[in-house]
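Enquirer: just a sequence and a predicted model for now, questions to come.
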Amino acid sequence: MCSVRPSCWALTACLTLLLGALPHAQPAPTSRETFDPEFARSVREWTTGPEFLSPLVDHLPLVKGIPTPKDVLGYHVGTPKRLTKTDAALAYYRALEKASPRIRVTTIGKTDEGRDVTVVYIASEATLKQLPTHIANLGRLADPRGLSEADAARLVATTPPMYHLMAGLHSAETGPPEMLMELAYRLVASDTPLIRQIRDRVIVSFTPASDPDGRDRYIDWYRKYMVDITEEKDRISGPPYWGKYIFHDNNRDINYSQVTLRAHLEWYLKTHPPVMHDLHESVPFLYTFSGQAPQNPNLDPIVYGELPMFANFEMAQLTKYGMPGVWTHGFVDMWSPGYLAFMASNHNGLVRMYETFGNGGATTMKRRVAPPEGAGQTSREWYRPLPPYREVLWSLRNNTNYMQTAVLSALQYASAFPEVIVENFYRKSRNSVEAGQKEAPFAFVIPAGQQDRTRVDLLISLLQRQGIEVGRATGEVKLSDGTYAAGSYLVKRNQPYGRLAKTLLEKQTFPDPSLRTYDDTGWTMGLMLQVEVKPTVDKTVLDVPAPLVTDLSRTGTVADTGASAGWVVAHHGSNDMVRLRLALGSGVAVRAAAAAFAIGEVKYPAGSFLVPASAGAAFTDAVKRLGLDAQGLAAMPEVATIDVDLPRLAMFTTWGRTQEVGWVRHAFDTFGIPYDLVYKERIRQGSLRAAYDVILVPHQGTTGKSLVYDVERKAGPLAYRKDPAYPSLGTYGESDDITGGMGLEGVLELQKFVDEGGVLITLGASSYMPAEFGLVREVTATRPTGAFYAPGPIVQVEVLRPEHPIFFGYTKPTLPVRYANGPLFQVPQEDVADQVLMRFTGGDEGVLSGLMRGAAETRRRPALVATPVGKGRVVAFATNPCYRWQNHGEFGMLFNAAVLFWNDTPVKTPTPAATTAGVAP
């Protein structure tokens with residue numbers, strides 16, 4: 001081979017393609033194979049039109065000693081009304097592994113509910129024998145520092161690419177895990193030239209079910225309620241839960257907070273597959289991702305050549321087979337880095353994705369594809385040359401045929417150009433290192449001396465979780481754009497994942513305000529955590545001595561442990577203040593300073609904890625464990641204080657929209673905050689004030705009406721209860737009928753709760769409900785105009801009541817928050833000074849990261865309103881201060897409002913700055 005020159009590598013691959021790859025990739029089986037006639041007959045029967053079947057999948061070889069899916073499961077893949085749970089699928093893969101040396105099954109972690117997270121490898125026997133070596137080689141190419149061109153060329157020439165497929169991330173998308181079982185058998189057992197070529201030149205790996213908990217729960221629900229629904233108009237929603245906390249957001253967990261998703265990331269960073277291909281279901285009939293605009297400019301430009309390269313080949317192949325409705329553009333963009341499979345492109349690999357038409361189960365039904373007016377996704381376009389039909393009879397087998405044919409075409413392409421794929425992976429990794437040496441910013445500095453070190457530690461740990469290297473300066477750092485103390489953290493960009501560091505830490509500037517995007521437009525980590533992060537354009541930062549941080553563990557300090565009066569812990573915004581209070585329990589009378597004070601030369605902010613000496617070892621142990629700092633006191637300071645008493649807390653969730661509640665549950669569970677999760681049944685039961693002090697209603701729904709009435713009654717009753725026949729149901733809550741919502745009866749009980757002295761806290765879109773249903777009669781909640789568009793930007797708010805306990809730990813007059821598309825409040829002028837605690841500054845200048853079109857509509861509109869009602873209060877956030885384990889800088893407001901200072905409301909004299917916020921006309 002041509003040694004080291006990249007052009008020779010590519011030429012070798014092209015010659016391989018021309019001289020042998022494509023002629024071997026014929027779809028027809030060889031005469032040496034025997035086939036399963038029942039399979040062929042059944043597939044033709046279950047496929048609803050001959051055009052929905054390809055010659056790659058209309059047959060199944062039979063090989064003595066190697067079990068087909070039916071041999072283990074008792075049915076063929078694609079059998080109507082049959083779906084396979086994770087334990088049965090794993091049993092099949094284990095049986096296949098036992099029968100053939102061409103497959104290996106591994107467990108990479110556990111789910112929240114204890115199920116195995118599994119990865120399957122398939123390749124030739126010779127390749128699998130060398131799997132550890134090939135994985136090590138991919139790891140070396142992933143970090144090319146110190147790797148010569150000659151050694152890189154050798155590794156590229158001898159290392160097959162790993163092509164990883166992921167199925168079942170979204171549990172209602174039931175087809176991909178079924179298809180992979182048949183694909184696995186075909187790749188192991190078939191002896192066609194195409195399959196041999198794939199086995200010899202590619203390591204195919206896949207995750208059979210990315211969310212095993214959700215898949216099993218959805219299948220139980222499908223079997224109980226959906227299996228016989230054959231009319232699209234009769235379709236119902238799925239179960240109230242998939243995984244323990246979240247639904248679709250398992251493809252939006254940018255910080256990998258969920259245990260199952262971390263298992264995938266940890267596996268990736270050990271294995272480095274150059275391609276990760278996520279198999280989804282939604283649009284007709286098969287969309288293959290091509291990386292449309294808006295595009296993340298930090299990704300290597302090579303990515304934007306690879307994506308259409310694969311997609312166009314697949315579209316051409318399936319169209320060649322006569323399969324309509326395959327397209328490559330006009331759906332998902334390349335802006336957000338937070339999708340699960342984006343871990344590949346974020347780490348210099350290639351993300352790929354399909355959306356294949358599915359019915360949310362295995363039942364054949366007639367589907368309307370086009371909207372009543374217009375063509376929708378059935379129009380002929382340059383990227384959709386043979387469009388889907390306006391109506392179609394669609395089956396699970398159709399879904400399997402399309403997806404498997406496309407995957408085999410993708411593997412055909414990968415096996416024709418294996419060296420190109422591996423070389424591109426290496427080039428992108430090398431380019432990332434070189435970009436950090438040539439392009440500003442050359443590093444991001446996290447200055448030492450920030451008052452809340454716990455959030456600094458969290459930021460660093462989240463970067464390290466994704467493989468980003470963080471160093472700590474051994475001396476003072478003097479740069480042309482700033483001087484930083486010794487101990488400052490440096491994230492230098494001349495590292496393999498330097499581009500990812502830039503993506504996560506920089507301000508997001510949306511490339512074209514006229515474009516729309518599929519998810520958030522802003523995620524800047526320093527703003528989300530409210531940690532100071534400074535980019536530097538001074539290249540000398542690359543030479544600053546900064547050994548890599550390998551251990552973030554830190555023990556807090558307790559000065560003067562023999563203090564006679566007790567201790568003070570400064571509240572500088574650490575979210576771990578709530579952990580500290582909970583660790584002391586209700587038996588310790590913790591108080592907080594109602595205003596700032598000083599002890600000698602040391603200043604303490606409002607909200608600082610004053611803990612009596614009687615707390616003893618429970619206090620000192622907790623401070624050290626949490627990394628906080630306490631100072632002993634000979635006498636308590638002379639400052640007004642408030643009792644930091646703990647509430648009886650309930651968290652309300654609808655049955656139909658549990659995901660956003662799940663993020664809050666996850667945060668509260670992680671911080672150890674106790675709460676009762678309550679549903680409509682408990683709300684309607686009444687006597688709420690006797691049981692609870694605070695009811696928290698996380699962001700859920702889109703209007704007050706959707707929150708109150710929730711799941712439509714048309715399909716009811718739908719019980720969600722423990723049942724031996726459906727063992728995954730009844731988890732995290734039970735109901736005889738999840739439809740109908742709390743209704744007006746529930747709203748009246750919430751009104752009674754507040755009238756009797758309770759605190760009702762609503763977040764984001766849930767804050768429409770108190771205004772729309774009259775719990776706060778003077779406050780109105782409106783919506784922006786149709787011209788407004790704000791897909792998850794980070795915006796600025798102004799704190800109007802800095803002395804309010806909700807803002808203990810916050811000292812700046814303005815704060816960054818994530819815009820949640822919550823209500824635009826209006827408050828009568830005479831109530832503004834007392835009730836409006838925080839407002840959006842608004843306008844384009846108030847957009848700190850991401851896109852907000854029509855930002856003037858938010859100018860000076862209230863972002864947080866606290867309204868006295870009866871003996872209690874309604875605290876309504878227009879923001880969502882607990883969003884996807886991202887905006888930790890806002891968590892403190894929620895913890896203060898709902899836990900630490902839930903019953904503390906200072907009286908404030910109106911100020912000029914506060915009298916014009918959100919005044920009702």
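Expert: Right, received. Where do you want to start? Fair warning: this is a prediction, and the values are worked out from it, not measured in the lab. Numbers count the residues shown, from 1 in each chain.
Enquirer: all contacts plus neighbour counts: C-alpha atoms, from now on.
Expert: Fine.
Enquirer: quick one: least confident helix or strand in this structure?
Expert: helix 6-16 (a mean of 40; mean pLDDT, DSSP states H and E).
Enquirer: for Met365, give me phi and psi.
Expert: phi -150, psi 160 (degrees, to the nearest 10).
Enquirer: over to Lys110?
Expert: phi -130, psi 150.
Enquirer: do the one 3 residues further on as well
Expert: Its backbone dihedrals place Glu113 at phi -100, psi 10, with angles given as degrees, to the nearest 10.
Enquirer: got it, and Pro337?
Expert: According to degrees, to the nearest 10, Pro337 has phi -90, psi 10.
Enquirer: list the contacts for it?
Expert: Applying CA atoms under 8 Å, 6 or more residues apart in numbering to Pro337 gives the contacts 254, 296, 343, 346, 503.
Enquirer: next one, pLDDT for it please.
Expert: Predicted confidence (pLDDT) for Pro337: 97.
Enquirer: mind giving me the packing neighbours of the helix or strand containing Ala622?
Expert: Take DSSP states H and E as the rule and Ala622 turns out to sit in helix 616-626. If you count contacts as 3 or more CA pairs under 8 Å, 6 or more residues apart in numbering; DSSP states H and E, helix 616-626 packs onto strand 557-559, helix 576-584.
Enquirer: centre of the chain versus the last one, how much separation?
Expert: In other words, helix 576-584. How far helix 576-584 lies from its chain's middle: 27 Å, per CA atoms, centre = their mean, to the nearest Å.
Enquirer: after the host helix or strand of Phe444 comes which helix or strand?
Expert: Element membership for Phe444 (DSSP H and E) is strand 443-446. Sequence-wise, the next helix or strand downstream of strand 443-446 (DSSP H and E) is helix 453-465.
Enquirer: output that following helix as CSV, nothing but the C-alphas.
Expert: Extracted in CSV, the C-alpha atoms of helix 453-465 (Å, rounded to 0.1, in the frame of the first residue of the first chain):
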residue,chain,number,x,y,z
ARG,A,453,-16.4,25.9,44.4
THR,A,454,-19.0,23.1,44.2
ARG,A,455,-20.5,24.3,40.9
VAL,A,456,-16.9,24.8,39.6
ASP,A,457,-16.2,21.2,40.4
LEU,A,458,-19.4,20.1,38.8
LEU,A,459,-18.5,22.0,35.6
ILE,A,460,-15.1,20.3,35.5
SER,A,461,-16.5,16.9,36.2
LEU,A,462,-19.1,17.3,33.4
LEU,A,463,-16.4,18.2,30.9
GLN,A,464,-14.2,15.3,32.1
ARG,A,465,-17.2,12.9,31.7
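Enquirer: contacts for it, please.
Expert: 255, 446, 450, 469-470, 501, 525-526, 529-531, 552, 574-576, 627-628, 888-889.
Enquirer: any of the residues you listed buried? List them.
Expert: Buried by 16 or more other CA atoms under 10 Å: 255, 446, 469-470, 501, 525-526, 529-531, 574-576, 627-628, 888-889, out of those.
Enquirer: so can I have a markdown table of the contacts of Pro337 showing pLDDT?
Expert: A markdown table is the format used below for those (pLDDT from 0 to 100):
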| residue | pLDDT |
| --- | --- |
| Ile254 | 98 |
| Asn296 | 97 |
| Met343 | 98 |
| Asn346 | 98 |
| Thr503 | 98 |
